[in-house]
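1. Dropping a prediction and its sequence here:
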Amino acid sequence: MKQSICWLRRDLRLHDHHALSMALQNGPTTVVFVFDTHILNKLTKKSDRRVTFIHQSLTEIENELVKKGSSLVVLYGAPEVEIPKLAEKLNVTDIFCNRDYEPYAKSRDKEVEKKLASKKIKFHQFKDSVFFEGHEIVNGSGLPYKVFTPYKNNWLHQFESSNKNIPDYECPLKNIRKFENPDSIVNKDWYKIIGFQEIESILPGGTKEALKRMKRFDGVMADYKEARNFPAVDGTSSISVYIRFGNVSVRDLIRSAAPKKSEGAATWLSEVIWRDFYQMILDQFPHVAEGSFKKEYDNIKWQGSDSHFQKWCEGQTGVPIVDAAMRCLNETGTMHNRLRMIVASFLIKILLVNWKEGERYFAEKLLDFDLASNNGGWQWSSSSGCDAQPYFRIFNPYTQSEKFDAKGEFIRLWCPELKSLSNKEIHRPENVPGYPSAIVNYELNRLKALKMYEAVKKA
Ligand SMILES: Cc1cc2nc3c(=O)[nH]c(=O)nc-3n(C[C@H](O)[C@H](O)[C@H](O)COP(=O)(O)OP(=O)(O)OC[C@H]3O[C@@H](n4cnc5c(N)ncnc54)[C@H](O)[C@@H]3O)c2cc1C
């Protein structure tokens, strides 16, 4: 008789789940999650919001499975060892999971598949975390796009040609394997087992939390086109961490935006397509994980210093909008998209620090860290990416601040030293006790950045 395992990775939910749906159709299914030592061992801080987020998401899943007489099997170790071991122990015939396009995930899955094949266990993978995969949206020559707009147009064309068909992969849990589990996520101290500590977060994990946010955003999506630019306004969905860990599906997002007629909904859908685009870029051009998409940009001679990088990390640059954004990141693990663009541009083109340093820092701190989107965002900001802003476009943090935080509300929240300044003074303060002076001169360093970039353009 056929027996399935559904291996959860970045898809921590029990609804509209492609792999789970297929596993349940195949036979009695055991749902499994592995705390992967290859990933966890690289996290230097042992209280990490992402780990807490995962723990909360798994707890919710466990509570649902228990209602059906089942449980989530949680393992700790190397997946290429743990998954085949469990499959043998349970006498399973087929393992199901959803595809992951990150280089590490691809090599891990190849290894797992090889080990399973030697035991005559089948390994099945499915499209789930993106709406269209890399090979589905290609240009007239059958090659992947390198520019977003034609990619998006083709994406929308294919979506509309299918009559806006959005699959919903049903997961009827009546075919779940029933058993009791003394080692479940709620029965054991899993934080202790994996060597991490629980940490409070403003965005708790789980599908219920995700749906709450989607419901709130549904009511304001029409205003998104304008509202999304202002960090002090709750104008975006805050769904990124939930889509990163798959508490909701990408199809859930598209289902909420596609039927709406507003410009706000169209703009939001476009952002979700950016996500597909960057997943496609990482899948089709994996060299971006190591360096610039446009390889000549790897030759830039960065002139910035370690101490300036450190001040940027700590939110002590003397540029209020940058400092407020970095302090918010350090404190909460979140940062508004407008601020991500401002701080990235400032680090690269004003502090003249290699964008890889900023990418690494965001990867360590962001709750919604996603290799494809983070790398895409940093390559866009540094002009080294596929469809990046031109190298001579350099955000002026002071005018950005005046435009997008005109009353200094966001700055006041994170830089209390500046609280009493007027709305005019707060963007470029001088000689404020307790607050640093600007560590570099914006106008001068802007010119240095242009020279630094021109040197590699001419070479
Ligand atoms: C330097 C830099 C680094 C970034 N790093 C990440 C990252 O690690 N993880 C991440 O999810 N996003 C990243 N982004 C993109 C973007 O900032 C976040 O997705 C967004 O701020 C999340 O907030 P939200 O859920 O309220 O987004 P909304 O504005 O409500 O957008 C809805 C969803 O669309 C997707 N999306 C929106 N903007 C982008 C974008 N520019 N690129 C790709 N997908 C997008 C996200 O999944 C987001 O949740 C980065 C952007 C920059 C400039």
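-> Here it is on my side, so go on.
2. use CA for all of it now, contacts and neighbours both
-> OK.
3. Please look at Ser382 and Glu357 and confirm they touch.
-> No. Because the distance of 11.7 Å does not satisfy CA atoms under 8 Å, Ser382 is recorded as not touching Glu357.
4. higher neighbour count, those two?
-> When Ser382 and Glu357 are compared on other CA atoms under 10 Å, the one with more neighbours turns out to be Ser382, at 28 against 15.
5. residue contacts, the more buried one?
-> For Ser382, the contacting residues are 344-345, 348-349, 355, 388-389, 391, by CA atoms under 8 Å, 6 or more residues apart in numbering.
6. Ok, Glu113 next?
-> Here Glu113 is in contact with 122-123 (CA under 8 Å, 6+ apart).
7. Which helix or strand contains it?
-> Of the helices and strands defined by DSSP states H and E, Glu113 is found in helix 103-117.
8. Dump that helix to CSV, restricted to CA.
-> Coordinates of the C-alpha atoms in helix 103-117 are reproduced here as CSV (Å, rounded to 0.1, in the frame of the first residue of the first chain):
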residue,chain,number,x,y,z
PRO,A,103,21.0,27.2,-4.6
TYR,A,104,21.3,25.5,-1.2
ALA,A,105,17.8,24.1,-1.4
LYS,A,106,18.4,22.8,-4.9
SER,A,107,21.6,20.9,-3.9
ARG,A,108,19.9,19.6,-0.7
ASP,A,109,17.0,18.3,-2.6
LYS,A,110,19.2,16.6,-5.2
GLU,A,111,21.1,14.8,-2.4
VAL,A,112,17.8,13.7,-0.7
GLU,A,113,16.5,12.4,-4.0
LYS,A,114,19.6,10.4,-4.6
LYS,A,115,19.5,8.8,-1.1
LEU,A,116,15.8,8.0,-1.5
ALA,A,117,16.3,6.5,-5.0
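9. can you offset everything so residue one is 44?
-> With 44 as the first residue, the last one maps to helix 146-160.
10. helix or strand right after it?
-> Going down the chain from helix 146-160, the next helix or strand is strand 165-169, by DSSP H and E.
11. on contacts alone, who are the packing partners of that next one?
-> The helices and strands touching strand 165-169, judged by 3 or more CA pairs under 8 Å, 6 or more residues apart in numbering; DSSP states H and E, are helix 61-69, strand 137-141, helix 146-160.
12. want to throw these into a markdown table with distance to the ligand and mean pLDDT?
-> As requested, the helices and strands packed on strand 165-169 are exported to a markdown table (distance: least, CA to the nearest ligand atom, whole Å; pLDDT from 0 to 100):
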| stretch | distance to the ligand | mean pLDDT |
| --- | --- | --- |
| helix 61-69 | 19 | 98 |
| strand 137-141 | 18 | 98 |
| helix 146-160 | 16 | 98 |
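13. Let me have those in JSON lines, extended by distance to Ser335.
-> As requested, these are exported to JSON lines (distance: least, CA to CA, whole Å):
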{"stretch": "helix 61-69", "distance to Ser335": "33"}
{"stretch": "strand 137-141", "distance to Ser335": "28"}
{"stretch": "helix 146-160", "distance to Ser335": "16"}
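14. What parts of the stretch 394-502 of the chain come near the ligand?
-> Contacts of the stretch 394-502 of the chain with the ligand, taken as CA under 6 Å from any ligand atom, map to 411-413, 416-417, 420-421.
15. which of those residues tops the neighbour count?
-> Neighbour counts for those were taken using other CA under 10 Å; the highest belongs to Trp421, with 26 neighbours.
16. For the host helix or strand of that residue, name the packing helices and strands.
-> Assigned by DSSP H and E, Trp421 belongs to helix 414-424. With contacts defined as 3+ CA pairs under 8 Å, 6+ apart, the packing partners of helix 414-424 are helix 306-327, helix 380-392, helix 398-408.
17. How about the helix or strand just after the first one, which residues are buried there?
-> Once the chain leaves helix 306-327, the next helix or strand it forms, by DSSP H and E, is helix 349-357. Of the residues in helix 349-357, those buried under the neighbour-count criterion (16 or more other CA atoms under 10 Å) are 351-352, 355-356.
18. For the residue nearest the centre of the chain, list the residues it contacts.
-> Note on the chain: the residue nearest the mean C-alpha position is Asp413, at 3.0 Å, using CA atoms, centre = their mean. Contacts were defined as CA under 8 Å, 6+ apart; by that measure Asp413 touches 287, 406.
19. circling back: possible to save the buried residues of helix 349-357 as CSV with pLDDT and distance to the ligand?
-> Compiled in CSV, those are given as follows (pLDDT from 0 to 100; distance: CA to the nearest ligand atom, whole Å):
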residue, pLDDT, distance to the ligand
His351, 98, 18
Phe352, 98, 15
Trp355, 98, 14
Cys356, 98, 14
